[in-house]
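>>> everything below, folded, please.
(2 chains)
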Amino acid sequence: MERDTHFILGVYEDEDVLLHAVEQVRSSGVKIHEVFSPYPVHGLEHVLGYKRSRLPIAAFLFGLLGTSLALTMQFYMMKFDWPMIIGGKDFAAVPDFIPVTFEMTVLLAAFGMVGVFMISSNLKPWAQPRIFDVRITDDKHVMAIDIANNNAMEVDKIKEILKSSGASEVNNKSFE
Amino acid sequence: MAHHVQNYNLDQKFDFNSGIKKPILTVLVIGAVLLGIGIILAMTSGGHAEEGAEAGAHAFHWYERLFANIWINNVYFTGIAIVGVFFFAIQYAAQAGWSAPITRVMLSLGNWLPFAAILMIAGFFLMGHNLFHWWHAELFDPNSSEYDSIIDGKGSFFYWPMEKGTFPIFYVARMVIFFGFWIFFFNKFKKIAAAEDQLGGTSHWFKMRSWSAYFLVFFAVSSSIAAWDWVMSIDTHWFSTLFGWYVFSSWFVAALSAITLLTIFLRGQGYLEMVNENHIHDLGKFVFGFSIFWTYLWFSQFLLIYYANIPEESVYFVERLTSDVYGPFIFVNIGLNFVLPFLVLMTRDSKRHGVFLKLVCTLLIVGHWIDFILMVQPGTLGHNGGVGLMEVGSLLVFGSVVALVVLGGLAKGNLVPKNHPMLEESYNHHI
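Numbers count the residues shown, from 1 in each chain, chains lettered A, B, ... in the order given. Below you'll find the model as predicted:
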């Protein structure tokens, strides 16, 4: 069976039930594709076993880039390209450069982090989001299980596990 | 999820036994020996005295360096003590839940306040004439050759309502009022805390919140004025409008470091078992964030003075940056108080594990002490200052005495506010 096309969805009403269900489903050997919820559920990423985000590393590197760009730019402009005497200081008056350097660091760190987040989360403007169940934008939590990822297990068995973990509905969902 | 609240021992008391006292007393003795050697060295070296006379100022005496030292440590540890109370009040005013089990640790720093009050007031009377240039009557006498019209214009801030150059009653009154109210609020907090431990209920928490709010208003004004009085008035001609904040931020980082170290120490001793790495992480974030806040204020003060380059303002930094004695310490100051915490405490892991925090917090306490040396010494000692045996010795003596007083005070009450209404929230604190 093709990956990423055929799913089983468990629909949950309550976040506490959901958290326990995730633990239960994972411990019974079923691999969860993704869990969708209308609001952030505290501790969900923990029970799903997600690794810590590496976004801070990207932010740090972009910040470093901002720092060096800002310093390079100012040194080049003020010392080499168009030297000007301002307030009787040296051409390369480093303390004067710090506010611009600070702002460029913050700007690039923030933009870089947002950009990396959007790319890594597939949030590009022309992306076609797949809606597993419209009620995840309202009041239902949905656990999606990729059938192709759980070849070792019967579909009925997976549905059984979802039901017993507290799902109020268990549905099939396929994408083109 | 599914946190099961364990049955913590909420009646625990800190046992200040000889095993903990001994190392502190050892440090005290080492500090006293270093201080003694430093004093003897300063007394026997006569070279500096002549230089002072040549510069046209009064001859430099060895005891002036001791005076400046005592003043630096007085102001520094007074600040740490009152900021401990301030941070405690912030927790209640902000209705913070995460910090509930460590509020008593914060408050315990205030135990130093009564001693600080005596040392500051007595110190001012004994040493003030040597430390503060404005306490010289001839500056205010228009017929004297020493007459200084700028200081004369500022004189009322010290001497009102008496005649300028006599007795600085306004200055002394401010010092007494500040300490009086600080100690009053500290005792009030202690009393409410003790009543809460005995009687329980939420009414004490609400009472504490109200008193915290009153204290914060008073502290906002008094901490700023204290910084002008005790530190900025040493360089009498010079002024900086953000000086009060700058001194406060230095105190704040030092006190946060002290609170963090104390919490990690108590956990190492087996107390406060409900405090886990999430709470330590939050303390680490405070240390990290307010180190950057300090840098921001330091740099704001520096950049504007550097850029505008008005002589009566820039003299402050010229005096320090061009000096062989103080120049290098400017960079030590920035390195210890900004670069080190910024780079080391940036990652999540370093804030959650005690090793890094212990290292950084210890160095920050030294770093902000150097900050105060840079504020006080150039104005009082000229080029006769520096960090020598006398400075290190007096820091160790003061530090260990403060530690004895603070830990002694901590041992008297309950370590955990067992009836704090948000204790449960704090157990489940997770970040």
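>>> tell me where chain A has strands.
Counting by DSSP state E, chain A has strands at residues A:6-12, A:34-36, A:141-146, A:169-174.
>>> could you provide the ones you listed in TSV, with additional columns for distance to chain B?
(C-beta placed from N, C-alpha, C; glycine too.) TSV is the format used below for the strands of chain A (distance: least, Cβ to the nearest Cβ, whole Å):
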stretch	distance to chain B
strand A:6-12	14
strand A:34-36	14
strand A:141-146	14
strand A:169-174	23
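>>> how about CSV for those strands, with distance to B:Thr44, mean pLDDT and mean neighbour count added?
As requested, the strands of chain A are exported to CSV (distance: least, Cβ to Cβ, whole Å; pLDDT from 0 to 100; neighbours: other Cβ atoms under 10 Å in any protein chain shown):
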stretch, distance to B:Thr44, mean pLDDT, mean neighbour count
strand A:6-12, 82, 94, 22
strand A:34-36, 76, 93, 17
strand A:141-146, 79, 94, 23
strand A:169-174, 89, 92, 14
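>>> and the residue most central in space within chain B, what's its pLDDT?
Residue closest to the average C-alpha location in chain B (Cα atoms, centre = their mean): B:Gly79, at 3.0 Å. What the model reports as pLDDT for B:Gly79 is 97.
>>> in this structure it contacts B:Ser250, no?
Yes. Using Cβ atoms under 8 Å, B:Gly79 is in contact with B:Ser250, at 7.4 Å.
>>> after the helix or strand containing B:His204, which helix or strand is next?
If you go by DSSP states H and E, B:His204 is part of helix B:203-230. Note on helix B:203-230: by DSSP H and E, the next helix or strand toward the C-terminus is helix B:243-268.
>>> who are the packing partners of that next one?
Applying 3 or more Cβ pairs under 8 Å, 6 or more residues apart in numbering or on different chains; DSSP states H and E, we find helix B:243-268 packed against helix B:62-93, helix B:103-108, helix B:203-230, helix B:277-308, helix B:354-381.
>>> can you list the buried residues in the first one?
Neighbour counts using 16 or more other Cβ atoms under 10 Å in any protein chain shown place B:62, B:64-93 of helix B:62-93 among the buried residues.
>>> count the neighbours of B:Val376 for me.
Applying other Cβ atoms under 10 Å in any protein chain shown, we find 23 other residues in the vicinity of B:Val376.
>>> same thing with B:Leu304?
B:Leu304: 14 neighbours (other Cβ under 10 Å).
>>> up against chain A, what does the stretch 301-431 of chain B have?
Residues of the stretch 301-431 of chain B that fall close to chain A, judged by Cβ under 8 Å from any Cβ of the partner chain: B:302-303, B:306-307, B:309, B:346-348, B:430.
>>> and those residues, which two are furthest apart?
Using Cβ to Cβ, those span at most 51.3 Å, a distance reached by B:Asn309 and B:His430.
>>> number of nearby residues for the closest residue to B:Ile305 other than its chain neighbours?
Leaving aside its sequence neighbours, B:Ile305 sits nearest to B:Glu313 (Cβ to Cβ, 6 or more residues apart in numbering or on different chains; 4.7 Å). Other residues lying near B:Glu313 total 18 when counted by other Cβ under 10 Å.
>>> tell me the SS of B:Glu313?
Secondary structure, DSSP: H, G, I helix; E, B strand; the rest coil: B:Glu313 is helix.
>>> tell me who's in contact with A:Asp96.
Applying Cβ atoms under 8 Å, 6 or more residues apart in numbering or on different chains to A:Asp96 gives the contacts A:86, A:89, B:303, B:307.
>>> ok, it to B:Pro378 distance?
To B:Pro378, A:Asp96 is 25 Å away according to Cβ to Cβ, to the nearest Å.
>>> enumerate the residues of chain A near chain B.
With Cβ under 8 Å from any Cβ as the criterion, chain A meets chain B at residues A:16, A:19-20, A:42-43, A:47, A:52, A:56, A:60, A:87-88, A:95-96, A:98-99.
>>> which residue is the nearest non-sequential neighbour of the residue nearest to the centre of chain B?
Excluding the flanking residues, the one nearest B:Gly79 by Cβ to Cβ, 6+ apart is B:Trp251, at 3.2 Å.
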